[in-house]
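# with the sequence up front, the predicted model follows.
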Amino acid sequence: MFPQYKTADLLRTEDAALALPERQEEEDPTNRRDLFRLGGQTLAGGITAALARGPNELWQTLDSATVGPSRLAVLRRAADQLGEQVVKLPPATLLQDTIIQLSSVHDLLRSRQPTAVQQELARTSAKLATVVGEILFNLNQFSLAANWYAAAGRAAEEAGDRYLADIALAGSTYLPTYSQDPQAVLGNVMPRLEGSPPATAAIAWLWAFAAKAYADLGQRHMFEAAINASQEALDRCPPGSSRPGIFSFLPEKKDLYEAYGYGVLGNADKAADAAARSLARYDLTDTTEPALVRFEHAAALARAGEKEEACRLAVTTIEDPRTYPGVAVVWRARRFDTLLGDEVCVAVREWRERLRGFRVPRVDALPVTSATDS
């Protein structure tokens with residue numbers, strides 16, 4: 001994707017421009033950045049930075065010659081855990097930990113390691129950059145997210161990991177999907193799919209994105225062909241290859257995309273059936289996709305004329321404490337609202353009152369304090 005750059009260049013956290021413009025507020029005479037309360041003690045900023053930076057610097061010193069297998073295992077496990085946690089917790093709360101881990105990997109990539117170690121570090125960096133992309137997408141920071149997904153794809157290519165490159169490509173496809181640009185979605189995924197790639201969970205995800213795009217374009221036959229291709233790819237995956245988190249694609253997510261497509265195409269019964277299958281499979285502690293499924297179910301009810309019941313389900317969805325108001329959920333809530341038209345019944349009024357306060361969290365400064373800060 002960016003042949004003139006090495007992975008380490010693309011993953012430079014200090015150049016990532018994650019900080020948005022700071023609020024122009026009068027500062028307290030005591031610099032808030034330089035003081036920190038810990039267990040009743042007030043610590044100077046340099047000490048708190050050392051607390052965050054110290055373990056990483058020790059690892060780097062120990063790994064100055066070559067990275068040992070235990071260190072690789074720690075980094076790999078951290079990346080995998082973050083990929084699972086990002087669908088369980090408010091995504092922004094994981095940004096600092098992800099950047100700290102990525103800083104560690106970046107520092108190791110700066111000094112050339114043995115080939116096998118270098119590939120493993122690149123693979124880990126691809127996962128961590130994908131997590132950052134996911135977080136920024138949820139915070140409605142599309143331009144930043146696009147950069148991180150591109151870096152993730154480049155790192156995966158350097159690692160020789162086609163699967164993770166496809167996962168990064170799928171993540172990047174959220175951006176045109178939620179910009180309501182189905183042609184751009186197809187432009188993103190079809191070059192890869194037209195090459196007849198082997199069946200993987202990532203390829204199933206790309207087919208599902210294509211299906212949603214075809215539905216948005218009103219192309220029923222192409223939608224059904226693509227959603228069937230997604231199911232076939234899942235069916236041909238090795239057992240256990242579909243796992244929770246953002247590094248895979250689960251059958252229930254395919255059902256979610258199918259529910260969306262049939263709903264857009266006006267088949268309320270098939271949309272409701274797919275939504276029911278999806279919800280029955282989902283882990284309801286996830287912060288985003290169970291809410292999206294419920295909105296697809298509510299949309300099917302609204303299209304069937306059951307607007308009061310649809311609104312009750314929609315209100316329950318956004319009031320569920322597990323629902324995170326990321327960009328996908330807020331977008332879907334507003335799209336559901338358009339199905340209600342000029343209806344003025346009590347249930348619709350209550351829903352619209354709740355919807356007014358349902359917004360993507362405002363971010364004035366992203367919560368990033370990397371281990372390299374001083």
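Now that the structure is in, tell me what you want to look at. Numbers count the residues shown, from 1 in each chain.
# tell me if G341 really is in a helix.
No. With DSSP: H, G, I helix; E, B strand; the rest coil as the criterion, G341 is assigned coil and is not in a helix.
# how many residues are close by it?
By other Cβ atoms under 10 Å, the residues close to G341 number 10. In short, each C-beta sits where N, CA and C put it, glycine included.
# and L313, how many neighbours does it have?
Close neighbours of L313, defined as other Cβ under 10 Å, add up to 20.
# that one touches A298, doesn't it?
Yes. Counting by Cβ atoms under 8 Å, L313 touches A298, with 4.4 Å between them.
# show me what contacts Q85?
Residues in contact with Q85 (Cβ atoms under 8 Å, 6 or more residues apart in numbering) are L94.
# ok, it to Q180 distance?
Going from Q85 to Q180 by Cβ to Cβ, to the nearest Å gives 29 Å.
# for E252, same thing?
24 Å.
# so how far is D181 from the residue nearest the centre of the chain?
Closest to where the C-alpha atoms of the chain average out (Cα atoms, centre = their mean) is E134, at 2.7 Å. Distance of E134 to D181, given as Cβ to Cβ: 19 Å.
# what sits against A202?
With Cβ under 8 Å, 6+ apart, A202 has these contacts: 163, 166-167, 169-170, 248-249.
# narrow those residues to those in helices?
When DSSP state H defines the helices, the subset of the contacts of A202 inside them is 163, 166-167, 169-170.
# quick check: of those residues, which lies closest to S241?
S241 lies nearest to Y163 out of these, by Cβ to Cβ, at 9.3 Å.
# correct me, but that closest one touches P198?
No. The pair Y163 / P198 is not scored as a contact, 9.7 Å apart, by Cβ under 8 Å.
# sketch out the low-pLDDT regions of the stretch 51-200 of the chain for me.
51-66 (pLDDT under 70).
# repeat that with 80
51-67, 111-112 (pLDDT under 80).
# quick check: the gap between the residue nearest to the centre of the chain and L109.
21 Å.
# send me stretch 265-284 as CSV with only the CA atoms.
C-alpha atoms of stretch 265-284 as CSV (Å, rounded to 0.1, in the frame of the first residue of the first chain):
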residue,chain,number,x,y,z
LEU,A,265,-34.6,-4.2,0.0
GLY,A,266,-38.0,-4.2,1.6
ASN,A,267,-38.3,-7.9,2.7
ALA,A,268,-39.3,-7.3,6.3
ASP,A,269,-39.9,-11.1,7.0
LYS,A,270,-36.4,-12.2,5.9
ALA,A,271,-34.9,-9.2,7.7
ALA,A,272,-36.7,-10.2,11.0
ASP,A,273,-35.6,-13.8,10.6
ALA,A,274,-32.0,-12.9,10.1
ALA,A,275,-32.0,-10.5,13.0
ALA,A,276,-33.5,-13.2,15.2
ARG,A,277,-30.8,-15.7,14.2
SER,A,278,-28.1,-13.1,14.9
LEU,A,279,-29.4,-12.0,18.3
ALA,A,280,-29.8,-15.6,19.4
ARG,A,281,-26.1,-16.1,18.7
TYR,A,282,-24.5,-12.9,19.9
ASP,A,283,-22.8,-12.4,23.2
LEU,A,284,-25.0,-9.7,24.7
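# contacts for it next, please.
In contact with stretch 265-284 (Cβ under 8 Å, 6+ apart) are residues 215, 218, 220, 223, 244, 250-253, 255-256, 258-263, 289-290, 293-294, 296-297, 299-301, 303-304, 322.
# show the buried residues in those.
Among these, the ones that count as buried by 16 or more other Cβ atoms under 10 Å are 215, 220, 223, 250-253, 255-256, 258-263, 289-290, 293-294, 296-297, 299-301, 303.
# now do the helices in the stretch 251-374 of the chain.
Ranges of helices within the stretch 251-374 of the chain are 251-264, 268-281, 289-303, 307-319, 327-338, 346-356, based on DSSP state H, counting those that start in this stretch.
# which strand or helix spans the residue nearest to the centre of the chain?
Applying DSSP states H and E as the criterion places E134 in helix 115-138.
# next SSE downstream of that helix?
Helix 115-138 is succeeded, C-terminally, by helix 142-159 (DSSP H and E).
# if you count contacts, what does that following helix end up packed against?
On a contact count with 3 or more Cβ pairs under 8 Å, 6 or more residues apart in numbering; DSSP states H and E, helix 142-159 meets helix 7-10, helix 115-138, helix 162-177.
# tell me what the last one is packed against?
Meaning helix 162-177. Using 3+ Cβ pairs under 8 Å, 6+ apart: helix 162-177 touches helix 115-138, helix 142-159, helix 182-193, helix 201-216.
# make a markdown table out of the ones you listed and add distance to R76.
Shown next, in a markdown table, are the helices and strands packed on helix 162-177 (distance: least, Cβ to Cβ, whole Å):
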| stretch | distance to R76 |
| --- | --- |
| helix 115-138 | 6 |
| helix 142-159 | 12 |
| helix 182-193 | 25 |
| helix 201-216 | 18 |
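# quick one: closest of these to E353.
The closest of the helices and strands packed on helix 162-177 to E353 is helix 115-138. By Cβ to Cβ, the value is 24.6 Å.
# neighbours around L82, how many?
L82: 26 neighbours (other Cβ under 10 Å).
# so which strand or helix has it?
helix 69-85.
# now the angle from that helix to helix 162-177?
30 degrees (axes from the mean of the first three to the mean of the last three Cα atoms, to 10 degrees).
# tell me the buried residues in helix 69-85?
Going by neighbour count (16+ other Cβ under 10 Å), the buried part of helix 69-85 is 71-72, 75, 78-79, 82-85.
# ok, stretch 276-283 next?
276-279, 282.
# stretch 178-186 now?
So stretch 178-186, judged by 16+ other Cβ under 10 Å, has buried residues 178, 182, 185-186.
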